[in-house]
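J.: Kindly return the folded structure for what I paste below:
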Amino acid sequence: MFAPRPISWVALIALLINLGACSSASVVSSEGGPTISEAQAEPYDGPKQRIAVTAFENKAGGRSEIGRGLSEMLADSLVNTNRFIVLERQRLGDVKREQNLADSGRFREETVAPKGELEGAELIIRGSVIQFESECRGGSLLLIGAKQACVAINLRIIDVRTGRIVNSTTVEGTSGTAGVGLVFTRSTLPIGLGAWNKTPMEKAMRRCIETAVRHIIETKL
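T.: Residues are numbered from 1 along each chain as shown. Just a heads-up that it's a prediction; the model follows:
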């Protein structure tokens, strides 16, 4: 009877490595994610989840418009990724009022928007602005002693079906980060943020939003 040859230690180690490679998952740093422009250019045929971005709460002090403006920037940028169906929530009242015009009897029935067809969100993104400083210390990202503008947002992604928080993180942006302002498609800042147009704070805001978009894409919810 033929006796099997004993496996060598070298072959055994190689076998274990191959099995581990098949069963293990790797974690990719958010720094390696695509920019908005790269994500938009990449064809995407996968399922698109319906996602809504609520107005951010401003916990950093200053005007409340800061939170709303940053959430509008995030919603616009998520649309441009072509990865999600982004639903209007901050201006939903305008949509409802337009639909209600059908009840006035003053418009042609075939031209008014029908009721009962608004889409519900599968995911909701809530955010809090926790840092909004025109002069700050950017930590290891900046040269020692250098002052830059800094923006930080705490993000929570909520599963609407269960009400569970499925992801929570803090994203940051500084005016000293390379590549700022090159991937955000909106040429002007939203109403409420215009005072920081063409300033270091604008660069910090854009970098923070870019980082947030990369994170949301990479969570693969």
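J.: Run through this structure and note the low-pLDDT ranges.
T.: Applying pLDDT under 70 to the chain flags residues 1-46, 90-95, 98-99, 106, 116-117, 137-146, 177-187, 221.
J.: who does the longest strand seen in it touch, helix- and strand-wise?
T.: Counting residues, the longest strand found in the chain (DSSP state E) is strand 123-136. Here strand 123-136 touches strand 49-53, strand 57-58, helix 65-81, strand 148-159, strand 165-174, helix 200-219, going by 3 or more CB pairs under 8 Å, 6 or more residues apart in numbering; DSSP states H and E. In short, each C-beta sits where N, CA and C put it, glycine included.
J.: Residue 193 is nearest to which of those?
T.: Between residue 193 and those, the shortest gap by CB to CB is with helix 65-81, which sits at 3.9 Å.
J.: what inclination does the closest one have with respect to strand 123-136?
T.: When axes from the mean of the first three to the mean of the last three CA atoms, to 10 degrees is applied, the directions of helix 65-81 and strand 123-136 differ by 120 degrees.
J.: moving C-terminal of helix 65-81, what's the next helix or strand?
T.: Using DSSP states H and E, the helix or strand that directly follows helix 65-81 along the chain is strand 84-87.
J.: of the helices and strands packed on strand 123-136, which approaches residue 118 most closely?
T.: That would be strand 49-53 among the helices and strands packed on strand 123-136, by CB to CB, at 10.8 Å.
J.: can I get the CA coordinates of the closest one in PDB?
T.: Extracted C-alpha coordinates of strand 49-53, given in PDB (Å, rounded to 0.1, in the frame of the first residue of the first chain):
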ATOM      1  CA  GLN A  49     -28.600  53.300  -0.800                       C
ATOM      2  CA  ARG A  50     -31.000  56.200  -0.100                       C
ATOM      3  CA  ILE A  51     -29.300  58.600   2.200                       C
ATOM      4  CA  ALA A  52     -30.300  61.800   3.900                       C
ATOM      5  CA  VAL A  53     -28.100  64.500   5.500                       C
END
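J.: Before I go, just wanted to say thanks for your time.
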